[in-house]
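Student: fold the following.
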Amino acid sequence: AAGFEQLTTAWLPKVVKPGMSAVDVGAAIGVFSLMLCRLVGPDGRVTALEPSPTSIRLLERNALRNNVRFEVIEAAASSEDGARPFFLTDSSDSHAFFPHPLIAPSSQVDIRTVRLDSVVEEADFIKIDVEGAEIDVLEGAARLIGSRPALVVEWVPSCQLAAGRDPGELPAWLSRAGYRFQVFDEFNHAVTPVKEVFRALELGTLPPEWYANLCCESA
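Tutor: This is a model prediction of the structure:
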């Protein structure tokens, strides 16, 4: 994972400490899960949620190859327990509940959805990368969010729009929930003020592939 999301990975050790309980939502093939395992150490706990069967196999293989253990839940975190149609693409980090704005779906499957509050007892840290469904995940984690874990939440305005949401809803939700956050603009390798992002959205100058991680701590 050398060079992977450098701003975010440099920030992680400031908030994820040995012995903590960490959750990786939208784990894909496990890049973040492996990092979290190293940070929480043998006394900590990592839970990875991933609904794609192909990604799950790679996730479990990567855990074995790196000699780490974490709990894998084959489901998508959402606002309710149940099932939903899910679009798979040819890229392991772009499967989504909504047709992805940049990558055409290759197939559609029905997957299990769970509220984080139903499957995770406690969390000191939660990473959410779910291509536009981030608010759904947060709404299904009201109890966990109440204890103010640190968060990394991916923000892709084009995916938010594909999900039928205003791109400003996600940062507004986090602020209301009592978080302060930095916009780690991994697309441009910069820390960008949120007002600048809104201005680019208004002017229509934000590239559709632009994304950032909102790295959140309790305000």
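Student: buried residues, stretch 153-167. List them.
Tutor: Residues of stretch 153-167 classed as buried: 153-163, 165, 167 (neighbour count, 16 or more other C-beta atoms under 10 Å). Any C-beta I mention is one placed from the backbone N, CA and C, and that applies to glycine too.
Student: just the ones of these in strands?
Tutor: Members of the buried residues of stretch 153-167 lying in strands (criterion: DSSP state E): 153-155.
Student: in TSV: those residues, plus pLDDT and distance to Val191.
Tutor: Listed next are those as TSV, based on pLDDT from 0 to 100; distance: C-beta to C-beta, whole Å:
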residue	pLDDT	distance to Val191
Val153	98	15
Glu154	96	16
Trp155	97	13
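Student: take the residues you listed and write them to JSON lines, including distance to Phe86.
Tutor: Formatted as JSON lines, those follow (distance: C-beta to C-beta, whole Å):
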{"residue": "Val153", "distance to Phe86": "20"}
{"residue": "Glu154", "distance to Phe86": "17"}
{"residue": "Trp155", "distance to Phe86": "21"}
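Student: nearest to Gly204, of those?
Tutor: Trp155 (17.7 Å; C-beta to C-beta).
Student: thinking the closest one is in contact with Ile135, fair?
Tutor: No: judged on C-beta atoms under 8 Å, Trp155 makes no contact with Ile135 at a distance of 10.9 Å.
Student: now stretch 26-40: mean pLDDT?
Tutor: Here stretch 26-40 scores 95 as its mean pLDDT.
Student: what's the answer for stretch 184-194, then?
Tutor: Mean pLDDT, computed over stretch 184-194, is 95.
Student: next, the distance between the ends of that stretch.
Tutor: Stretch 184-194 has its terminal residues 10 Å apart, counting by C-alpha to C-alpha, to the nearest Å.
Student: list the buried ones in that stretch?
Tutor: For stretch 184-194, a neighbour-count test (16+ other C-beta under 10 Å) marks 184-186, 192, 194 as buried.
Student: what does stretch 211-219 give?
Tutor: By neighbour count with 16+ other C-beta under 10 Å, stretch 211-219 contains the buried residues 211-216.
Student: mind exporting that stretch as CSV, just the C-alpha atoms?
Tutor: Taking Å, rounded to 0.1, in the frame of the first residue of the first chain, the C-alpha atoms of stretch 211-219 are listed here in CSV:
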residue,chain,number,x,y,z
TYR,A,211,-12.6,12.5,-4.2
ALA,A,212,-11.4,13.2,-0.7
ASN,A,213,-11.5,11.6,2.7
LEU,A,214,-13.2,13.5,5.5
CYS,A,215,-11.0,12.7,8.5
CYS,A,216,-13.1,13.4,11.6
GLU,A,217,-12.6,13.8,15.3
SER,A,218,-15.1,14.7,18.0
ALA,A,219,-15.5,18.5,18.0
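Student: distance from that stretch to the middle of the chain?
Tutor: With C-alpha atoms, centre = their mean, to the nearest Å as the basis, stretch 211-219 stands 11 Å off its chain's centre.
Student: same question, stretch 191-203
Tutor: Between the centre of stretch 191-203 and the centre of its chain there are 21 Å (C-alpha atoms, centre = their mean).
Student: contacts for that stretch next, please.
Tutor: 7, 157, 167-168, 171, 182-185, 206, 210, 212 (C-beta atoms under 8 Å, 6 or more residues apart in numbering).
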